[in-house]
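Peer 1: Next input, structure requested:
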Amino acid sequence: MESKLITGAVPFCTGVAHQKYLSAEQGLQTAVEGGCTHWYIDGSLFGEMVDDWTEARIVSMQEQIQASGVKPVFHGNFKAPLGSDVQAFRVAAVAYVKQEIDIASRLGAPLIIHGGCIVEPKMVLKAKKVALEHYLQSVQELARYAEAKGVDIYLENLSNYVNYRPFHYIFTHEAEYAFVFERLQAHPNVFFFLDAGHANIENGLPAEVVRKYHHLIKGISFSNNNGVQDQHFGIHDGNCDYADVMQAVVETNWKGLVAFETRNQSAKAALAELAVMYRESLTTEIAVA
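Peer 2: Just a heads-up that it's a prediction; the model follows:
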């Protein structure tokens, strides 16, 4: 299969997915055509949300997964306010995401979840503190539910917009990662899904996240941007220091799923560029040693 050719020359890559904002069925077909080993089911798209997954559709998708050999990753609806500062909203979001877990379980997929956001809080610091505590509470509850269903939970970081947004995303930077992961040791089915493009916003350092959390990172989503907006450009089309990310991969011997949310670059082309930087990092590592 072409998918083996894509991953075979890149030792850190155990699988490849490309986020193309398609229906589950179209996404699977595109993944097959592009030689990917995995594909995204995007639960934030119209037609892909919880209520769109009928029993007949789930059964049909199970058959297509079996026939194709390509594995799904269920990207939950990032709009679910799991970290809302309003408890009633948080509870409703948890109930919704439990339905996503039910679908993911039927499809044999991990579920990516997000912290969501709080909108124009009057007391920002207090609201963000409460929201982070609520997010942890949500993750703990969802982890218990998912474990019983045989589903792994992947926590994806969102962009740390700090200056010009009337809302605040939750789970966006190192202090918040530490707060959550230090309190999840009792939940072995919870992992990190690092969005390196998100981590690059507002001078974030995705390479340092890899260095600290490599043992928890199941996958890395790659795209580039100007550090201000989440533009989803190709690997070299922005200011994210991917050479340092690859250096961190080499240093930690990280391996996992490699995902691309690059709107102007194919998965194959993006992976080839990462492979060049990876080989250069290997050379640097040998020279230092």
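
Peer 1: as a whole number, average confidence for the helix or strand where Ala148 lies?
Peer 2: In the assignment (DSSP states H and E), Ala148 maps to helix 124-149. The average pLDDT within helix 124-149 is 96.

Peer 1: same for the helix or strand following that helix, what does it pack against?
Peer 2: Next helix or strand after helix 124-149 toward the C-terminus (DSSP H and E): strand 153-156. The elements that strand 153-156 packs onto, with contact taken as 3 or more Cβ pairs under 8 Å, 6 or more residues apart in numbering; DSSP states H and E, are strand 111-113, helix 124-149, strand 190-195, strand 217-222. Quick note: C-beta positions are derived from backbone N, CA and C, even for glycine.

Peer 1: What ranges does the stretch 1-150 of the chain have for its strands?
Peer 2: Using DSSP state E, counting those that start in this stretch, the strands of the stretch 1-150 of the chain run over 13-18, 38-42, 71-75, 111-113, 117-119.

Peer 1: could you dump the first one to PDB, C-alpha only?
Peer 2: What follows is strand 13-18 as a C-alpha-only set of coordinates in PDB (Å, rounded to 0.1, in the frame of the first residue of the first chain):
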ATOM      1  CA  CYS A  13       5.900   8.300  12.200                       C
ATOM      2  CA  THR A  14       3.700   5.300  13.100                       C
ATOM      3  CA  GLY A  15       0.800   6.600  11.000                       C
ATOM      4  CA  VAL A  16      -0.400   9.500   8.900                       C
ATOM      5  CA  ALA A  17      -3.700  11.400   8.800                       C
ATOM      6  CA  HIS A  18      -4.700  14.600   6.900                       C
END
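
Peer 1: so what strands line up beside it?
Peer 2: Sheet pairing for strand 13-18, assigned by DSSP bridges, gives strand 256-260 (parallel).

Peer 1: can you check the fourth one too?
Peer 2: The sheet places strand 111-113 alongside strand 71-75 (parallel), strand 153-156 (parallel), with pairing taken from DSSP bridges.

Peer 1: For Ile217, find the nearest of those strands.
Peer 2: Ile217 sits nearest to strand 153-156 of all the strands paired with strand 111-113, at 9.2 Å, using Cβ to Cβ.

Peer 1: mind checking pLDDT for Asn200?
Peer 2: The predicted local confidence for Asn200 is 96.

Peer 1: actually Leu5, not the one I typed
Peer 2: Looking at Leu5, its pLDDT is 45.

Peer 1: how about Ile235, what does it touch?
Peer 2: Each residue near Ile235 by Cβ atoms under 8 Å, 6 or more residues apart in numbering is listed here: 222-224, 242, 262, 265, 270, 273-274.

Peer 1: Next step: the residues you listed restricted to helices.
Peer 2: Residues from the contacts of Ile235 lying in helices, with DSSP state H as the criterion: 242, 270, 273-274.

Peer 1: and the residues you listed, which two are the farthest apart?
Peer 2: Among the ones in helices among the contacts of Ile235, the pair separated by the greatest distance (Cβ to Cβ) is Tyr242 and Ala270, at 10.0 Å.

Peer 1: Which secondary structure state does Ala207 sit in?
Peer 2: On the three-state scheme (DSSP: H, G, I helix; E, B strand; the rest coil), Ala207 is labelled helix.

Peer 1: do you know how far it is from Gly116?
Peer 2: Here the distance between Ala207 and Gly116 works out to 26 Å (Cβ to Cβ, to the nearest Å).

Peer 1: Compare those two (neighbour count), which wins?
Peer 2: Gly116 (25 against 22; other Cβ atoms under 10 Å).
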